[in-house]
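> this one's sequence-less:
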């Protein structure tokens, strides 16, 4: 019963890795998560289990059967329900005292300020292809001095990039600007997220990658890894303890290949290595598209 809930008991096993004082600090922090699909939903539940009690969550979508392979809120009992509603219910099942402000129409120009109001850290869970929304949120975070964490699910691994208020900006790192086509934005985002491209060698069916239809393969393996990595970075930022790696530095870990690579691209996507990778990615994706036809 809710009346029997004890915050101290529920999160007592965190103590040791955090102090009791740090646990209380986490309890009072506010995290914003946009997108509650593959990574966003598990980000929320992981951070709730970490003891954070205040959240702003945003998603305009409902659960569908194609979400079952990776999204923690997707089940036969939640088909057709709003993702914000389902994940809020799941979060309150863990901690009935959690405070959740739901933005069930997603994030746009009208509500972005409210979504980020009073937020200590933003954790990105937007769909890979939500280019305009992602750029706008990261730009707003920078303007407001809010650290932004992105842990991207790639194959069976995770690629981490943090964007801190005084380090390289999102647009500069990815070298993106207004007027670019969605295909070009997709290429630059993919190459910027994973300079090491550890996942590329074991893609067994390239026809599953279709940028024109905004579709790509995904695994729960990657989403779960993302949640752990993003939560660790969020903890370090909120407690101001531990080293936070920020763009243009990143980390890519792939569980399938048992490999981890620390990446550094001083000019972001403008660096020579990235320019070459972008050209190669353009050709490969064009070949995939031609093959699909």
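On my side now, so go ahead. Keep in mind that what you see is a predicted model, and the values were worked out from it rather than measured.

> in the stretch 151-293 of the chain, where is pLDDT below threshold?
Scanning the stretch 151-293 of the chain for pLDDT under 70 picks out 288-293.

> can you do 90?
The stretch 151-293 of the chain contains residues with pLDDT under 90 at 183, 200, 206-216, 281-293.

> mind listing the helices for it?
For the stretch 151-293 of the chain, applying DSSP state H, counting those that start in this stretch gives helices covering 170-174, 182-193, 220-239, 272-292.

> out of those helices, nearest to residue 159?
Closest approach to residue 159 among the helices of the stretch 151-293 of the chain is made by helix 182-193 (4.8 Å; Cβ to Cβ). Where C-beta positions appear, they are placed from N, C-alpha and C, glycine not excepted.

> quick one, that closest one and helix 272-292 angle?
130 degrees (axes from the mean of the first three to the mean of the last three Cα atoms, to 10 degrees).

> which parts of helix 182-193 are buried?
Within helix 182-193, the residues that count as buried by 16 or more other Cβ atoms under 10 Å are 185, 186, 187, 188, 189, 190, 191, 192, 193.

> what residues does the second one make contact with?
With Cβ atoms under 8 Å, 6 or more residues apart in numbering as the criterion, the residues that contact residue 186 are 128, 129, 131, 211, 285.

> and for the closest residue to residue 15 other than its chain neighbours, the neighbour number?
Distances taken as Cβ to Cβ, 6 or more residues apart in numbering put residue 23 closest to residue 15, at 6.4 Å, once the chain neighbours are dropped. Using other Cβ atoms under 10 Å, residue 23 has 19 neighbouring residues.

> what distance do you get for residue 23 to residue 12?
Going from residue 23 to residue 12 by Cβ to Cβ, to the nearest Å gives 9 Å.

> check residue 105 too.
Residue 105 is 38 Å from residue 12, where distance means Cβ to Cβ.

> before we move on, what about residue 266?
44 Å.

> so the two - more neighbours on which side?
A count of neighbours by other Cβ under 10 Å puts residue 12 above the other of residue 266 and residue 12, at 13 against 9.

> need the pLDDT of that one.
Turning to residue 12, the model gives it a pLDDT of 98.

> what are the phi and psi values for it?
Main-chain dihedrals, residue 12, degrees, to the nearest 10: phi -70, psi -30.

> count the residues that sit near residue 167.
Neighbour number of residue 167 under other Cβ under 10 Å is 17.

> wait, it touches residue 246, no?
Yes. Shown here, residue 167 and residue 246 form a contact pair, counting by Cβ atoms under 8 Å, at 4.2 Å.

> good, wrapping up.
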